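Enquirer: quick check, what structure comes out for this input:
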Amino acid sequence: MGIATFKIGKVLIESGGCTLVGLVGGLISGTVNITHNVEDTNAIGSSWRAGTVLGGEWEASLECHYDPTDEALSALMVDVIAGGDSCILASVSLFTLSTTYAFSGSMIITNSTVTKAVGATDKLSVTLRGNGEVAYS
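Expert: Below is the predicted model of the structure:
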């Protein structure tokens, strides 16, 4: 059972000194995945595994309705196409509630797909990889 059903999502992207509060009304879904790399440390003959955490990483996937006239989406597309340092976003915040509880940190755009179909809404899918640690507050 879900705790809440949201009609709108909020993603805040800050890049190059400008704040892009796009991907809001058009956000379809967003996923944050946090993983930790664990090195096996169990001794030979142990019946239970033991490990130590080497480091973590985080990724985010966003899917939204694509509108080329939306300023935030256009800026995001320009960054993707330019590549290089343009793909490093200073701050990305994915809110779990409308204005509170967000996963945030610097991220790098690793993939972007625009889907166009006859008779259907155009979609933009973006994959981001954390550039350092993630915060949740």
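Enquirer: tell me which residue is most central in this structure.
Expert: By C-alpha atoms, centre = their mean, the chain has its centre lying nearest to residue 60, at 2.7 Å.
Enquirer: pairing partners for that residue in the sheet, please.
Expert: Here residue 60 sits in beta bridges with residue 32, residue 128, as judged by DSSP bridges.
Enquirer: wait, what's in contact with it?
Expert: Contacts of residue 60 were listed using C-beta atoms under 8 Å, 6 or more residues apart in numbering, and they are 30-33, 92, 94, 103, 107, 127-128, 130. Yep, even glycine has a C-beta here, placed from its N, CA and C like the rest.
Enquirer: now tell me what touches the host helix or strand of residue 30 from outside.
Expert: In this structure, residue 30 sits in strand 27-40 according to DSSP states H and E. Defining contact as C-beta under 8 Å, 6+ apart, one finds that strand 27-40 is touched by 8-11, 49-65, 94, 103, 123, 134.
Enquirer: ok, residues contacting stretch 127-137?
Expert: In contact with stretch 127-137 (C-beta under 8 Å, 6+ apart) are residues 32, 34, 56-62, 88-89, 92, 101-112.
Enquirer: pLDDT at the residue nearest to the centre of the chain, what is it?
Expert: Here, the pLDDT recorded for residue 60 equals 91.
Enquirer: and it, how far from residue 77?
Expert: Per C-beta to C-beta, to the nearest Å, residue 60 is found 17 Å from residue 77.
Enquirer: what's around the residue nearest to residue 53 when sequence neighbours are not counted, how many residues?
Expert: Closest residue in space to residue 53, ignoring its immediate chain neighbours: residue 36 at 5.0 Å, by C-beta to C-beta, 6 or more residues apart in numbering. A count of neighbours around residue 36, defined by other C-beta atoms under 10 Å, yields 11.
Enquirer: thinking again about what came up before, adding pLDDT, write the contacts of residue 60 out as TSV.
Expert: As requested, the contacts of residue 60 are exported to TSV (pLDDT from 0 to 100):
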residue	pLDDT
30	83
31	88
32	91
33	94
92	86
94	84
103	90
107	90
127	92
128	91
130	95
